[in-house]
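S.K.: Following is a predicted model, sequence given first.
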2 protein chains.
Amino acid sequence: MKNVNIAVIGFGNIGRAFVRVLALKRKLLAKKYGVNINVVAVVDSKGMVIKPSGLDDYEMLKLCEVPKSGIYMFGSYAKQGVNVEEVYSKAAPNIHVELTPANYVSGEPGFTNIMLALKSGAHVVTANKAPLVLHYEDIMAEARVRKLAVKFRATVMGGTPFLEVLASMKSHDIEKVEGILNATTNYILTEMHDNLLDFEQALKKAQALGIAETDPTLDIEGFDAAAKLTIISYVIGKPININSIYRESVTKITLKDVLDAVKQGQVIKYIASLDAQKMVASVKIERIPRENVFAQINGTLNGVKIKSDATELFFIGRGGGRMETAHTVLDDVLEVALRWFT
Amino acid sequence: MKNVNIAVIGFGNIGRAFVRVLALKRKLLAKKYGVNINVVAVVDSKGMVIKPSGLDDYEMLKLCEVPKSGIYMFGSYAKQGVNVEEVYSKAAPNIHVELTPANYVSGEPGFTNIMLALKSGAHVVTANKAPLVLHYEDIMAEARVRKLAVKFRATVMGGTPFLEVLASMKSHDIEKVEGILNATTNYILTEMHDNLLDFEQALKKAQALGIAETDPTLDIEGFDAAAKLTIISYVIGKPININSIYRESVTKITLKDVLDAVKQGQVIKYIASLDAQKMVASVKIERIPRENVFAQINGTLNGVKIKSDATELFFIGRGGGRMETAHTVLDDVLEVALRWFT
């Protein structure tokens, strides 16, 4: 049995779901794959828990119950203040799991954390998009030099790991990638359509259910979908800067627009699209014929179409539920663990 | 620039499509990925071409034009008779590409070829399902001992590489995999539905278009879909023997059945299903509600749903067109080349 030590940096919804899933499944996974995933550090916005020998399952589950930003209160391994360098000097994790929130202005703290991890010799798994969107080439250059992996399947369609497939289509000339990449806005549009809500009502319902954030700007202004298009553009080797992506605001859509579309056998969807031949990308409100696959993708489902010179394929699945995303992050961790440590 | 030498064993429709795509794209791929894929041998049912320094693009394209089973006539590198051992002793390929036809009785010649390749130290890429269906564990045990890769994405939904995603969902408990896995029968059912053909007419049309084989038994008796379910069962670590899979014949379906279903808002589909909890699998005729995703998968499209304890996702794409499958085989070759030789 090989031990692989991981540090979990960022402990919000996804971080907690990840630690909980790991606590519940790691014995089974150890038996199945011969590798034991050991959590040696957890960091939130105000404190750290560092235990170089690894938290046991019970400690991991208890940790998920502390109040938000409260892990500094977690007994003898805990301390106040955040210092990721200390995580590396004290616990030397093999894999760095970056789950901090996305900040598209600075990319921080994710970018600094990821670079520190790579410079300390740790592989990186991230669900935080911002460092990749703003600093993809710097991160990958550092990883290449040090022969370390950077995995980020959870950043696009968190519950539907299609990025790996896209990356594996190496013999294809990828011509176009388009889809419904933001779960929150697709939920809002589905509510408007199915329950005849206006935009504000549908947004409030999404917020009440925890599907939309208190500040929904990143989703409803198309920024989240644009960030995903940027990551996709890097994966296919044709980078497009996020600032050059044309974005329409989904707030423009009225209930009348939705009903007008229905009368014409259409559905309004918020479509993110990357044309890799013209090298243009956009996040736009579009009318889709009812029989089109995209018209069937409702609620918090996401869907994407990949068109290459040789084929065309669709992926449909959860956009980013906590548990789904936690499993995708864990799959990335397992892949690195099995590829590099067994 | 690293050279990786490959042997192409089997030179029917897929073999020719593969060699043609490679001839047209390999300069571009070499530039993009820093690896040059060199074809050092091609073998068909009656002869071999062996050129240890590698065929040039022009020779590869010319080779695709020789009559079926006619490569023994291909100039100075060609000879009559098949002897794969000679390929290994003379050209020592790094990657073995197995594209012989599937024989579900013996698994031959694929199984012997693949074992010979592994024992000679070559990685294996196969689009031939039969050796995996009948000898998966023997093949993987040999590969493990020798630390060699065996890739087979093209065996299930050739144009839609979903097997890799399934394999990567390591933290999931896969509960069910079901879908439309055979393109020929889905084409026949779509023709019956859309153009009111009876089964025999639709089959003849499929044969005329090269979608169905002259002997369509493997497709219409559900054997091809069952073989794919067996491979899927191995990938998720819960093997089901092909002989224990319940198969209904699609020939039972009449035009009246199709029309009766339409009257009830349903579509008849030929559904392959693997229940990994009950450990049962089947290939059955089912009535699907019109609004279900599977009802939208028509013609030669394939589709599959993966249900795990944490998520549910769909893949839709080409089942097995020549060019699509050739690209998937080439993607496997590139993945092995980049992972092991650069």
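M.R.: Structure's in. What do you need? Just so it is clear, the structure is predicted and the values come from calculations on it, not from any experiment.

S.K.: Check for me that residue A:175 belongs to a helix.
M.R.: No: under DSSP: H, G, I helix; E, B strand; the rest coil, residue A:175 falls outside any helix and is assigned strand.

S.K.: where does the stretch 1-150 of chain A come near chain B, residue by residue?
M.R.: A:21, A:25, A:29, A:32, A:33 (C-beta under 8 Å from any C-beta of the partner chain). C-betas here are computed from N, CA, C, even on glycine.

S.K.: In this structure the first one contacts residue B:308, no?
M.R.: So the one you mean is residue A:21. No: with contacts counted by C-beta atoms under 8 Å, residue A:21 stays clear of residue B:308, the gap being 11.9 Å.

S.K.: Can you say which of the residues of the stretch 1-150 of chain A next to chain B are buried?
M.R.: Among those, those scoring as buried are A:21, A:25, A:29, A:33 (criterion: 16 or more other C-beta atoms under 10 Å in any protein chain shown).

S.K.: about what we covered before: any common contacting residues for residue A:21 and residue B:308?
M.R.: Common neighbours of residue A:21 and residue B:308 are listed as residue A:327 (criterion: C-beta atoms under 8 Å, 6 or more residues apart in numbering or on different chains).

S.K.: which of the residues of the stretch 1-150 of chain A next to chain B lies closest to residue A:239?
M.R.: Taking C-beta to C-beta as the measure, residue A:239 sits nearest to residue A:21 out of the residues of the stretch 1-150 of chain A next to chain B, at 32.8 Å.

S.K.: Now for that closest one: which residues touch it?
M.R.: Per C-beta under 8 Å, 6+ apart, neighbours of residue A:21: A:323, A:326, A:327, A:330, B:171, B:310.

S.K.: Not counting sequence-adjacent ones, nearest residue to the fifth one?
M.R.: In space, residue B:171 comes closest to residue A:330 once its chain neighbours are excluded; the distance is 4.0 Å by C-beta to C-beta, 6 or more residues apart in numbering or on different chains.

S.K.: Surely that neighbour is in a helix?
M.R.: Yes: under three-state DSSP, residue A:330 falls within a helix.

S.K.: In this structure it contacts residue A:24, no?
M.R.: No: Residue A:330 is beyond contact range of residue A:24, at 10.7 Å (criterion: C-beta under 8 Å).

S.K.: could you pull out the strands for the stretch 51-200 of chain A?
M.R.: Assigned by DSSP state E, counting those that start in this stretch, the stretch 51-200 of chain A shows strands spanning A:78-80, A:95-98, A:123-126, A:150-151, A:174-180.

S.K.: wait, I meant the stretch 201-342 of chain A
M.R.: Going by DSSP E, counting those that start in this stretch, the stretch 201-342 of chain A shows strands at A:246-247, A:266-275, A:280-289, A:301-308, A:312-318.

S.K.: check contacts around the closest residue to residue A:182 other than its chain neighbours.
M.R.: With C-beta to C-beta, 6+ apart as the criterion, residue A:182 has its nearest non-adjacent residue at 4.6 Å, and that residue is residue A:225. By C-beta under 8 Å, 6+ apart, residue A:225 lies in contact with A:181, A:182, A:185, A:247, A:270, A:272, A:283.

S.K.: low-confidence ranges in the stretch 101-250 of chain A?
M.R.: Counting by pLDDT under 70, the stretch 101-250 of chain A shows no low-confidence range.

S.K.: Tell me how many other residues crowd the residue of it found nearest chain B.
M.R.: Closest residue of the stretch 101-250 of chain A to chain B, C-beta to the nearest C-beta: residue A:171 (4.0 Å). Neighbour count for residue A:171, taken as other C-beta atoms under 10 Å in any protein chain shown: 28.

S.K.: what sits against it?
M.R.: Per C-beta under 8 Å, 6+ apart, neighbours of residue A:171: A:310, B:21, B:25, B:29, B:327, B:330, B:331, B:334.

S.K.: And residue A:125, by the same measure?
M.R.: The contact partners of residue A:125, by C-beta under 8 Å, 6+ apart, come to A:95, A:96, A:97, A:98, A:150, A:151, A:152, A:154, A:329, A:332, A:333, A:336.

S.K.: can you count the residues close to the residue lying closest to residue A:255 once chain neighbours are set aside?
M.R.: What sits nearest to residue A:255 in space, not counting adjacent residues and going by C-beta to C-beta, 6+ apart, is residue A:198, at 4.6 Å. Number of residues near residue A:198 (other C-beta under 10 Å) recorded here: 14.

S.K.: Residue A:263 too?
M.R.: Neighbours of residue A:263 (other C-beta under 10 Å): 7.
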